[in-house]
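> give me coordinates for this.
(2 chains)
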Amino acid sequence: KNQVEQSPQSLIILEGKNCTLQCNYTVSPFSNLRWYKQDTGRGPVSLTIMTFSENTKSNGRYTATLDADTKQSSLHITASQLSDSASYICVVSASYGNEKLTFGTGTRFTIIP
Amino acid sequence: DSGVTQTPKHLITATGQRVTLRCSPRSGDLSVYWYQQSLDQGLQFLIQYYNGEERAKGNILERFSAQQFPDLHSELNLSSLELGDSALYFCASSPRLESDTQYFGPGTRLTVL
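Have a look, this model is predicted:
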């Protein structure tokens, strides 16, 4: 069964600190892995999308890594800002002809001043 | 602003009723996806349409149905509503059939009383 597990479930850190969110998956055949940011009550916004051959991708202060051998990904947030407070969702895509997305339940990230 | 529009923003109705949610994808996007997000739950994929045709089905109940029209807008019909159907319903669009970033709309918050 395709599954995506994220850790931690929630995280609180001080403004300005760095943090790393984890995503482990059991999805095959693997097509790509995506990280989304979702503010409360709003639609998710794409941060990064990585295919099998990519092991790191950055978007501003967000850097995602992918280890396809261990089926793990991480999202590193540098110098956190209050506006980073949101849920971060890991989504893994399998391709059977038609793409099938499996969503993690997200990490709720809160920055305090 | 993702370029995806959803109407209405909020909808309050009673059990047993039927409602229709509407989505207009980004200009030029051919794929439309529907998702359900219950309180504090992850996103659940419901259904995908591509250029007017159904392409993938997720955890969509038989009471729910969708379609994509020739102008590419999509509607999600929910009937015989139950209290448990209360949720945020998101529409997302992408240019092609798969392996693309999905752009999410602002969502429709459905409350069933």
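> I'd assumed residue A:83 was in a helix, is it?
Yes. Per DSSP: H, G, I helix; E, B strand; the rest coil, residue A:83 lies within a helix segment.
> that one and chain B: what is the separation?
Using CB to the nearest CB, to the nearest Å, residue A:83 is found at 16 Å from chain B. Placement of C-beta: from N, CA and C, glycine included.
> so what's the residue count around the closest residue to residue B:73 other than its chain neighbours?
Spatial nearest neighbour of residue B:73, excluding adjacent residues (CB to CB, 6 or more residues apart in numbering or on different chains): residue B:24 at 4.7 Å. Residues near residue B:24, counting by other CB atoms under 10 Å in any protein chain shown, number 19.
> so what's residue B:24 up against?
Residues near residue B:24 by CB atoms under 8 Å, 6 or more residues apart in numbering or on different chains: B:4, B:5, B:6, B:72, B:73.
> spell out which residues of chain B are next to chain A.
Within reach of chain A by CB under 8 Å from any CB of the partner chain, chain B has these residues: B:2, B:4, B:41-45, B:48, B:55-56, B:88, B:90, B:92, B:97-99, B:101-107, B:109.
> what about the residue minimising distance to the centre of chain B, which SS state?
The centroid of chain B falls nearest to residue B:34 when counting by CA atoms, centre = their mean (3.3 Å). Secondary structure, three-state DSSP: residue B:34 is strand.
> now residue B:84
Under three-state DSSP, residue B:84 comes out as helix.
> confidence score at residue B:99?
Per-residue pLDDT puts residue B:99 at 60.
> and what of residue A:28?
So, for residue A:28, pLDDT stands at 84.
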